[in-house]
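For reference, the sequence and a predicted model appear below.
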Amino acid sequence: MRTPLALLIASLGIVATVWWWLALPAVLPRAPIDPSAKLECVSYAPFRGDQTPHNPQLIVSPEQIAEDLVELAKVTKCIRTYSIDNGLDKVPELASKVGLKVLLGVWLGRDHAKNRLLADAAISLSKNHAGTISAIIVGSEVLLRGDMIVSDLRDVIRSVKQRVDIPVTYADVWEFWLRHKEIAADVDFVTVHFLPYWEDVPVRAEDAAAHVDEVRLKVVAAFPGKEILIGETGWPSYGRMRESSLASRINQARFISEILQRAERGKFRVNLFEAYDEPWKRKWEGTVGGYWGSFDAVHRKPKYPAGAEIRNYPSWKLQMGGGLVFCISVFGAALMTLRLRPASPQTAAWFAVAVCATVGGSLLGLGVEKMLLESYGIGRWLLQGLLLAAGIAAPLLAAHALMRGVSLPTFLDVLGSPQGRRPALMTQILGGTLIVTTLTATETALGLVFDGRWRDFPFASLSMAVVPFFAVAMFNSARSGKRPLAESVFAGLFAITVPYIALNEGPHNWQSLWTCAAYLMLGITLWRPRAVAVVETASDAVPVAVMEPARRS
């Protein structure tokens, strides 16, 4: 028992070390959110839970908005809105009660009649709340979305500007401002969006604040005599990587801290994007779209309170504890197998069990977190849940198979072989879990090929499931025999999709490369020949290995 005990201790040590490293706190030059140094302005939308501006019938209650504004008034001087639909027309009145200024947004789209109605309503609000509304932003990224042509947009801006006594501006990404400089003649100041994560060439979080400042200076040079307001800038706290841009809590806090420092030194105004996380955006922009807020969506409190340590995994102790318990459980499954069905496994089998336990224990916390944060809608919850369930079951089932020397069954053996072979119950469950893993992996791989911009990388749960199957395939399968047809088709699919995903995401996206490695490992597992079938005895006791003929007559 000395070998498994030593390996268990080593596995537990690795799991604990991994989580200690993942939970290292960040050291920042200033707190991202600090009531003693209020923000200049922050984008605000009141939608919670399933509330969405795409529901024209939704009217957010004034009480809900007021509750948010009370909290925001503690950390910012101003809020930026994007529309006056869905009850947001009450924002100026409520903001005045807590001392907040408002950059009032008018949402422009393809419906010209509605555009005129919204513009008229914004003009009326600006006159009724002259001391609160400091400027009107007529349209946000209308040109980027292709909803209007430049001449029509300029007509709307000029129409509003002629009827109010406060500054009027338009907001768009910096590339479109440089492409359509003529709009500057119609606005009092230029409102520019800088979102390094979403740019065509994404920027590392460590370099993002410097990049924004550098491009800002180019915009300043392009519009002499005009104030340049950074109307949106921020970083997501969760979601997929884009090339070298990693969404994380530490990276979000770092970017906010650094851009605010630069704004203070450079004497320019910044509106942070955004106040609260907006879960509804996950449906339209993927997971990352829902996690741009400095305040969390559920508790409506700052993610990074002043003086508190900033970690990527605030619940790391719970995640580490769960991983340690799971690691012990995998070893326990192996020992229980030997107790019920005595055998003499090779030392290599124990090493394989240790690898399965270590990988599962290290990634379980990540897998659960990813399922909770990335799942949106019944379909995604089902997919994420199945993959995580397979990731939890696979190490335990693999431990049993490694101790018994049982090989992976074919899909046909599990679903019903024409030859009447029926694997032992545990082997059927092992094979069924492999089928679930293969199908969910296929869905995610195809999603990354055809809808990659919005898809997350399932590296945690996928690795938890794939590594045990790979270990069983390597240690317990014969090197010669027949390659099952269905498994070969899936293996070929992964061989085709992996190069495309890796090239499309770039060499700096470690989430993509990790996921691709898991796909390849699964493909190799499926491609390996199957020469042994495990059949049940009448008593379903000790499995009997039956060698298949190399050639059928």
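Received the coordinates, thanks.

Look at residue 507 and report its pLDDT.
Residue 507 is assigned a predicted lDDT (pLDDT) of 96.

For it, give me its contacts.
The neighbours of residue 507, taking C-beta atoms under 8 Å, 6 or more residues apart in numbering as the test, are residue 513. Glycine gets a C-beta too; all of them are placed from N, C-alpha and C.

quick one: it from residue 244, how far?
With the distance defined as C-beta to C-beta, to the nearest Å, residue 507 ends up 9 Å from residue 244.

just residue 351 next, same as before
Using C-beta to C-beta, which is the criterion applied here, residue 351 is 35 Å from residue 244.

same deal with residue 202?
Distance of residue 202 to residue 244, given as C-beta to C-beta: 6 Å.

and residue 466, backbone torsions?
phi -70, psi -40 (degrees, to the nearest 10).

What about it, how many residues nearby?
When counting by other C-beta atoms under 10 Å, one arrives at 27 neighbours for residue 466.

Pretty sure it sits against residue 522.
Yes - here residue 466 lies in contact with residue 522, judged by C-beta atoms under 8 Å, at a distance of 4.7 Å.

Now do the shared contacts for those two.
Shared contacts of residue 466 and residue 522, counting by C-beta under 8 Å, 6+ apart, come down to 437, 441.

ok, which stretches of the stretch 251-400 of the chain are helices?
Taking DSSP state H, counting those that start in this stretch as the criterion, the stretch 251-400 of the chain contains helices spanning 282-285, 316-340, 347-374, 377-404.

How many residues are close by the residue lying closest to residue 402 once chain neighbours are set aside?
Nearest residue to residue 402 in three dimensions, chain neighbours excluded: residue 349, at 4.5 Å (C-beta to C-beta, 6 or more residues apart in numbering). Burial of residue 349, expressed as a neighbour count using other C-beta under 10 Å, amounts to 23.

Residue 349 is in contact with residue 403, isn't it?
Yes - Residue 349 sits in contact with residue 403 when judged by C-beta under 8 Å, with a separation of 6.4 Å.

I'd like to know how far residue 454 sits from residue 284.
The value you get for residue 454 to residue 284, if C-beta to C-beta is used, is 8 Å.

more neighbours, those two?
It is residue 454, of residue 454 and residue 284, that has more neighbours when counted by other C-beta under 10 Å, with 17 against 11.

who's in contact with the closest residue to the more buried one other than its chain neighbours?
Nearest in space to residue 454, with sequence neighbours left out and distances taken as C-beta to C-beta, 6+ apart, is residue 286 at 3.4 Å. Under the criterion of C-beta under 8 Å, 6+ apart, the neighbours of residue 286 are 239-240, 453-456.

filter those residues to the buried ones?
With neighbours counted by 16 or more other C-beta atoms under 10 Å, these contain buried members at 239-240, 454-456.

Ramachandran angles for residue 233?
Backbone torsions for residue 233, taken as degrees, to the nearest 10, come to phi -160, psi 140.

Any regions of the protein where pLDDT drops low?
417-421, 478-481, 531-553 (pLDDT under 70).

Could you pull out the strands in it for me?
Along the chain, counting by DSSP state E, strands occupy 41-43, 78-80, 101-106, 133-140, 168-173, 190-194, 228-233, 270-272, 532-535, 544-547.

and residue 377, which of those is closest to it?
The minimum distance between residue 377 and these falls on strand 41-43, with 25.2 Å, by C-beta to C-beta.

who does the closest one touch, helix- and strand-wise?
Using 3 or more C-beta pairs under 8 Å, 6 or more residues apart in numbering; DSSP states H and E, the elements in contact with strand 41-43 are strand 78-80, strand 270-272.

how about those in TSV, adding mean neighbour count?
TSV is the format used below for the helices and strands packed on strand 41-43 (neighbours: other C-beta atoms under 10 Å):
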stretch	mean neighbour count
strand 78-80	25
strand 270-272	26
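
between the ones you listed, which one is nearest to residue 474?
With C-beta to C-beta, the closest approach to residue 474 among the helices and strands packed on strand 41-43 belongs to strand 270-272: 50.2 Å.

From the contact counts, what lies against the closest one?
For strand 270-272, the elements it packs on are strand 41-43, strand 228-233, helix 249-266, judged by 3+ C-beta pairs under 8 Å, 6+ apart.

and residue 59, which of those is closest to it?
When the helices and strands packed on strand 270-272 are compared for distance to residue 59 using C-beta to C-beta, the nearest one is strand 41-43, at 20.5 Å.

buried residues in that closest one?
If you call a residue buried by 16+ other C-beta under 10 Å, then strand 41-43 has these buried ones: 41-43.

Out of these, the closest to residue 53 would be?
If you rank the buried residues of strand 41-43 by distance to residue 53 using C-beta to C-beta, residue 43 comes first, at 13.3 Å.

Let me know how buried the nearest residue to the closest one once chain neighbours are set aside is, in neighbour terms.
For residue 43, ignoring the flanking residues on the chain, the nearest one in space by C-beta to C-beta, 6+ apart is residue 274 at 4.0 Å. The number of residues packed around residue 274, counting by other C-beta under 10 Å, is 21.
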